[in-house]
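Chemist: any chance you can model this:
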Amino acid sequence: MKKLGLLFKDTSEQQIKDSLKESESVFIMNYSKVSSPDLSNLRQSLRGMQARIFMVKNSVARRALKDSGLDTLVKTIEGPCGLVFIKTEPVDVSRVLCEFARSHELLKLCGGSLQDRILDQKDIEALSKLPTKEVLRAQLVAILNSPLSRMTMVLKKNLNSLVYILEEKQKKAR
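Modeler: Predicted coordinates for the structure are as follows:
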């Protein structure tokens, strides 16, 4: 029979592996000296975004990441680490994490994985600065609508010129 500590480590490792399979992205953060209420607030703000934080021992996290094929992320794990598993939109989650890291200087984003791409701290910060999905959609609609608007103005200008010419001819005919 396994000792309780080993059983807990094995269960945690299996949870990390399962979460890595289910998640689209994962970020690694160092939460050294961040208070428990602050971490609870961060958890609550991430819960609505289909993201969750998993605090784990470094040795367990390293083994789970190696077994999942994310060997390059192993070197980013130092100090008390937390894994943020993201099931859907990583931009919003990175925005919340970066804002939280700015207000809590002891929290540090170490790196992560976005689908098959490995991210470092700068990549996560750049991801947080991207516009929201709604803004991108509005920009796309504006871009697609622009040629139609221009064509309408050109056609209207030609029509206005024709009307102006006809009015001038009518004035001269009088």
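
Chemist: using PDB, write out every CA atom in stretch 11-25.
Modeler: Extracted in PDB, the C-alpha atoms of stretch 11-25 (Å, rounded to 0.1, in the frame of the first residue of the first chain):
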ATOM      1  CA  THR A  11      -3.100  11.800  -8.100                       C
ATOM      2  CA  SER A  12      -1.900  15.400  -8.600                       C
ATOM      3  CA  GLU A  13       0.400  14.300 -11.500                       C
ATOM      4  CA  GLN A  14      -2.500  12.500 -13.200                       C
ATOM      5  CA  GLN A  15      -4.800  15.600 -12.700                       C
ATOM      6  CA  ILE A  16      -2.100  17.700 -14.400                       C
ATOM      7  CA  LYS A  17      -1.800  15.300 -17.300                       C
ATOM      8  CA  ASP A  18      -5.600  15.200 -17.800                       C
ATOM      9  CA  SER A  19      -5.900  18.900 -17.600                       C
ATOM     10  CA  LEU A  20      -3.100  19.400 -20.200                       C
ATOM     11  CA  LYS A  21      -5.000  17.100 -22.600                       C
ATOM     12  CA  GLU A  22      -8.300  19.000 -22.100                       C
ATOM     13  CA  SER A  23      -6.800  22.500 -22.200                       C
ATOM     14  CA  GLU A  24      -5.900  24.500 -25.200                       C
ATOM     15  CA  SER A  25      -3.300  26.500 -23.300                       C
END
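
Chemist: residues touching that stretch, excluding its own?
Modeler: Applying C-beta atoms under 8 Å, 6 or more residues apart in numbering, the set of residues contacting stretch 11-25 from outside is 26, 52, 54, 56-57, 60-61, 63-65, 67-68, 70, 83, 85-88, 90, 93, 112-115. Yep, even glycine has a C-beta here, placed from its N, CA and C like the rest.

Chemist: just the ones of those in helices?
Modeler: Mapping these onto helices (DSSP state H) picks out 60, 61, 63, 64, 65, 67, 90, 93.

Chemist: so what's the fifth one scoring on pLDDT?
Modeler: Residue 65 carries a pLDDT score of 85 in this model.

Chemist: pretty sure it sits against residue 74.
Modeler: Yes: here residue 65 lies in contact with residue 74, judged by C-beta atoms under 8 Å, at a distance of 5.3 Å.

Chemist: the two: which has the busier surroundings?
Modeler: For residue 65 versus residue 74, the count of surrounding residues by other C-beta atoms under 10 Å is larger for residue 65: 24 against 15.

Chemist: who wins on neighbours among the ones in helices among the contacts of stretch 11-25?
Modeler: Of the ones in helices among the contacts of stretch 11-25, with other C-beta under 10 Å as the count, residue 90 tops at 27 neighbours.
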